[in-house]
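Student: Got a predicted structure plus its sequence, pasted below:
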Amino acid sequence: MNSPIYVLGAGSIGSLLACELASIPSMQNEVVLLLRNQVRAEQFMAKQSLMTIERKFEQGSPKIQKKLKAKYPAELNVSTIDNLIVTTKTVHTEKALSNYLPFLNENSNILFVQNGLGVIEHLKRVIWTDESKAPNLYQGIITHGSFQKQDFHFVHAGLGNLKIAKVPSLNKSPAINGACVMVETLMKSRILNTSYLPYDDLLISQCEKLAVNACMNPNTAILDCLNRELSNIEEVKLLFKNIITECVDVFFKCIPSLSENEKARKTLVVPRLLEMVMYMGFVVCGDNSSSMRQDTLFKRDTEIDSINGWIVKLAEEVGYPANVNKTITLLVKARTQINQRRI
Ligand SMILES: NC(=O)C1=CN([C@@H]2O[C@H](COP(=O)(O)OP(=O)(O)OC[C@H]3O[C@@H](n4cnc5c(N)ncnc54)[C@H](OP(=O)(O)O)[C@@H]3O)[C@@H](O)[C@H]2O)C=CC1
Ligand SMILES: CC(C)(CO)C(=O)C(=O)O
């Protein structure tokens with residue numbers, strides 16, 4: 001790798017990716033965290049610039065510690081950022097990215113590893129309006145589970161995978177649509193289990209993950225419960241079925257590339273997605289407190305607008321009444337404000 005990989009969003013997922021990258025021999029001094037401000041940078045330095053990841057899925061929960069470089073906007077002294085991974089929550093993406101736009105150009109590679117949909121489309125509308133000058137954009141879908149134990153100390157609780165695809169661009173030649181060196185480097189990590197897919201295949205996975213998040217995240221936040229507490233309740237199963245039915249209708253009404261895709265037609269079907277949601281939510285991640293419940297408990301804004309809210313937004317554009325997802329979205333926003341008002 002002849003230029004650093006910057007990680008914007010050194011939280012549960014960003015820190016996991018940064019440490020796994022730093023574990024690759026050729027990358028030891030080539031991973032740079034982009035922290036929010038000088039205070040955060042000083043807090044990291046107070047930890048001797050060590051990031052800790054506990055591998056809970058391995059015998060004895062071994063800790064890996066990596067000494068990482070870290071910068072904040074005012075002290076970044078480079079001409080360009082060639083490779084950037086964005087792992088902020090979706091709701092913070094635009095503001096976080098705004099500090100680094102002067103360093104990004106049409107040759108830069110940006111990988112977004114986030115739940116939900118709509119972020120890249122939004123950034124293309126408000127920042128990269130001329131696609132010929134936009135960076136090479138990649139979308140990542142991650143099923144690893146990670147949570148913060150202490151500042152700059154995270155627990156890699158669930159072993160999963162990372163799927164990546166190049167987001168199609170009208171102005172980029174097909175040659176550029178292959179995996180860049182940053183993606184190839186991520187694929188060298190055994191733990192991350194990274195694969196590079198055609199975009200149409202990734203989009204199907206992204207919709208599957210959205211169905212899981214659209215059911216599990218808001219309802220655990222609204223009802224303030226662990227994932228597994230929603231299991232074996234007929235009313236929850238019916239609610240999930242209604243949420244997923246609206247999601248599937250919107251997928252095929254609003255995303256042309258999906259409606260023309262035979263594989264999508266066979267994969268994104270309600271009964272199959274309902275079983276996947278309950279397996280992922282109640283079994284694989286049953287003991288988790290969902291990221292959205294954690295955000296409401298810690299008085300943080302949630303990603304609801306990129307999940308159920310994105311379904312509602314697309315549905316409104318075609319006059320489809322996604323009333324279940326609309327109600328869920330409103331309830332999460334009410335729960336968020338109730339918690340934020342509490343002393
Ligand atoms: N955690 C998980 O298990 C999973 C998460 N995901 C998805 O991955 C994405 C990231 O989630 P996760 O890692 O859990 O989120 P976290 O909240 O743990 O991390 C987000 C990080 O972004 C940082 N950040 C926010 N604004 C800025 C800014 N302006 N400049 C620099 N840094 C900033 C925060 O910094 P600070 O510490 O200073 O607030 C925080 O460390 C989300 O879309 C999530 O849904 C997907 C699958 C599983
Ligand atoms: C699958 C699930 C719901 C696991 O908690 C998740 O992705 C999240 O919490 O964001």
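Tutor: Happy to help now that I have it. Residues are numbered from 1 along each chain as shown. Ligands and ions are numbered 1, 2, ... in the order given.
Student: What degree of burial does Ala211 show, as a neighbour count?
Tutor: The tally of other residues near Ala211 (other CB atoms under 10 Å) stands at 25. C-beta coordinates here come from the backbone N, C-alpha and C atoms, glycine included.
Student: what's the helix or strand for it?
Tutor: Element membership for Ala211 (DSSP states H and E) is helix 199-223.
Student: List the buried residues for that helix?
Tutor: 199, 201-222 (16 or more other CB atoms under 10 Å).
Student: And the next helix or strand past that helix?
Tutor: helix 234-254.
Student: Other residues contacting that next one?
Tutor: In this structure, residues lying in contact with helix 234-254 by CB atoms under 8 Å, 6 or more residues apart in numbering are 207, 210-211, 214-215, 219, 230, 258-259, 264-265, 268-270, 273-274, 277-278, 308, 311, 314-315, 317-318, 320, 322-325, 328.
Student: Sort out which of those residues are buried, if you could.
Tutor: Buried among the contacts of helix 234-254 (16+ other CB under 10 Å): 207, 210-211, 214-215, 219, 230, 258, 264, 268, 270, 273-274, 277-278, 308, 311, 314-315, 320, 322, 324-325, 328.
Student: picking up where we left off before, how about the helix holding Ala211 and ligand 2, touching?
Tutor: Yes. On the criterion CB under 6 Å from any ligand atom, helix 199-223 is in touch with ligand 2 at 212-213, 216-217.
Student: Looking at those, which is nearest ligand 1?
Tutor: Nearest to ligand 1 out of those is Asn213 (CB to the nearest ligand atom; 7.2 Å).
Student: Now do the same contact list for that closest one.
Tutor: Counting by CB under 8 Å, 6+ apart, Asn213 has contacts 115-116, 292, 303, 307.
Student: Could you pull up the mean pLDDT of stretch 95-108?
Tutor: The pLDDT scores in stretch 95-108 average 97.
Student: Buried residues of it, list them for me.
Tutor: 96-97, 99-100, 103-104, 106, 108.
Student: again, but for stretch 111-120
Tutor: 111-120.
Student: Just the ones in strands from those, please.
Tutor: Judged by DSSP state E, the buried residues of stretch 111-120 include 111-113 as members of strands.
Student: For those, give me a markdown table that also has distance to ligand 2 and pLDDT.
Tutor: Formatted as a markdown table, those follow (distance: CB to the nearest ligand atom, whole Å; pLDDT from 0 to 100):
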| residue | distance to ligand 2 | pLDDT |
| --- | --- | --- |
| Leu111 | 18 | 98 |
| Phe112 | 15 | 98 |
| Val113 | 12 | 98 |
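Student: Nearest to Ile13 among those residues?
Tutor: Val113 (5.9 Å; CB to CB).
Student: Next, the contact list for Lys133, please.
Tutor: Remark: with contacts taken as CB under 8 Å, 6+ apart, Lys133 is in contact with 105-106.
Student: and it, backbone torsions?
Tutor: phi -100, psi 0 (degrees, to the nearest 10).
Student: wait, does the one helix or strand Asn339 maps to make contact with ligand 1?
Tutor: Taking DSSP H and E as the criterion, Asn339 maps to helix 323-341. No. Applying CB under 6 Å from any ligand atom, one finds helix 323-341 separated from ligand 1 by no less than 13.7 Å.
Student: Could you give the average pLDDT over that helix?
Tutor: pLDDT averaged over helix 323-341 gives 98.
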